[in-house]
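1. here's my sequence, what's the structure:
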Amino acid sequence: MDNHFGGVIWTNHALSRLSDRGISQGDAWATWRKPDQSRFAKQKGAWVYYRTFGNQKIEVVAKQNEKRQWIILSVWSKDIHIKVQKTSSFTTLLKKIFR
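-> A predicted model of the protein is given here:
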């Protein structure tokens, strides 16, 4: 893994987490570059970026240094369980009647 991948600086901690958690550096970079959502992080000046890939939500923590270069501080992922709505018996009955 490259500690300057994608034109940003990757901390050793972030690179270690990518390896430990089986997340590709490209997916983490894409999450930071084009997130679905973002929010302030607990650390001052840092942001958490989120992006969903299939059933996996990747989260990247990043901030700018004094030279205004972006630094990726940490990365993790969460499995997403999509809830499937069960149709009611009444709806199923109506569908059968009006076919």
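
2. flag the helix or strand of the chain with the lowest per-element mean pLDDT.
-> Lowest by mean pLDDT, DSSP states H and E among the helices and strands of the chain is helix 89-97, with a mean of 76.

3. in it, what's buried?
-> Of all the residues in helix 89-97, not one is buried under the rule 16 or more other Cβ atoms under 10 Å. C-betas here are computed from N, CA, C, even on glycine.

4. tell me the strands beside the helix or strand harbouring Tyr50, with direction?
-> Here Tyr50, judged by DSSP states H and E, is contained in strand 46-53. Paired strands of strand 46-53, with direction, are strand 37-40 (antiparallel), strand 56-64 (antiparallel) (DSSP bridges).

5. buried deepest among the ones you listed, which one?
-> Highest mean neighbour count among the strands paired with strand 46-53 (mean count of other Cβ atoms under 10 Å): strand 56-64, with a mean of 20.

6. save the strands paired with strand 46-53 as CSV, and put in mean pLDDT and distance to Arg17 too.
-> What follows is the strands paired with strand 46-53, written out as CSV (pLDDT from 0 to 100; distance: least, Cβ to Cβ, whole Å):
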stretch, mean pLDDT, distance to Arg17
strand 37-40, 97, 19
strand 56-64, 97, 10
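
7. put together a markdown table for the ones you listed, with distance to His81 on each row.
-> What follows is the strands paired with strand 46-53, written out as a markdown table (distance: least, Cβ to Cβ, whole Å):
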| stretch | distance to His81 |
| --- | --- |
| strand 37-40 | 18 |
| strand 56-64 | 11 |
